[in-house]
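Q: got a sequence here, can you model it:
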Amino acid sequence: MKKLDRYEQGILNAYDKGALVSVRPTKAQLDALREAARATFTKNRRVNIRLSTADLMDIQARAHEEGVPYQTLIASVLHKYVSGRLLETRSRLTTRSTGRAENRRAG
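A: Alright, predicted model coming up:
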């Protein structure tokens, strides 16, 4: 089992102490959440894209790491990008695409 970070450990400690309580959402909150989920997960258009073999392999590896199908991961990344919620972080899987560019800039 992986080591818990500070945030996760805090949640576990609160659970162990009985400090977490279940909160029942109101009907209005449930309706709003259902509508948001429906809007987010409705996939009514098909898009075909061409990717390099290396990029697709990296995407598939990341999807496997996250436990989701790779097409779902691609759709999620695109959704986060267009909604302004995509935060760029360095992948721990590969530095293939970022490492070489940094080496060129440094050298």
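Q: from Ser22, how far off is Asp16?
A: To Ser22, Asp16 is 16 Å away according to C-beta to C-beta, to the nearest Å. In short, each C-beta sits where N, CA and C put it, glycine included.
Q: which one of the two has more residues nearby?
A: Of the pair Asp16 and Ser22, Asp16 is the one with more neighbours under other C-beta atoms under 10 Å, namely 9 against 4.
Q: and Glu8, which helix or strand is it part of?
A: helix 6-16 (DSSP states H and E).
Q: can you give me the buried ones in the following helix or strand past that helix?
A: Later in the chain than helix 6-16, the nearest helix or strand by DSSP H and E is helix 27-41. Buried residues in helix 27-41, counted by 16 or more other C-beta atoms under 10 Å: none are found.
Q: residues in contact with helix 27-41?
A: The contact list for helix 27-41 (C-beta atoms under 8 Å, 6 or more residues apart in numbering) reads Pro25, His79.
Q: extract the CA atoms of that helix and return them as PDB.
A: The C-alpha trace of helix 27-41 is given here as PDB (Å, rounded to 0.1, in the frame of the first residue of the first chain):
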ATOM      1  CA  LYS A  27     -33.000  17.900  -2.900                       C
ATOM      2  CA  ALA A  28     -31.900  21.100  -4.600                       C
ATOM      3  CA  GLN A  29     -28.300  20.300  -4.100                       C
ATOM      4  CA  LEU A  30     -28.800  16.800  -5.400                       C
ATOM      5  CA  ASP A  31     -30.600  18.100  -8.500                       C
ATOM      6  CA  ALA A  32     -27.800  20.600  -9.200                       C
ATOM      7  CA  LEU A  33     -25.200  17.800  -8.800                       C
ATOM      8  CA  ARG A  34     -27.100  15.500 -11.100                       C
ATOM      9  CA  GLU A  35     -27.400  18.200 -13.700                       C
ATOM     10  CA  ALA A  36     -23.700  19.000 -13.500                       C
ATOM     11  CA  ALA A  37     -22.800  15.300 -13.800                       C
ATOM     12  CA  ARG A  38     -25.200  14.900 -16.800                       C
ATOM     13  CA  ALA A  39     -23.700  17.900 -18.600                       C
ATOM     14  CA  THR A  40     -20.100  16.800 -17.800                       C
ATOM     15  CA  PHE A  41     -20.500  13.200 -18.900                       C
END
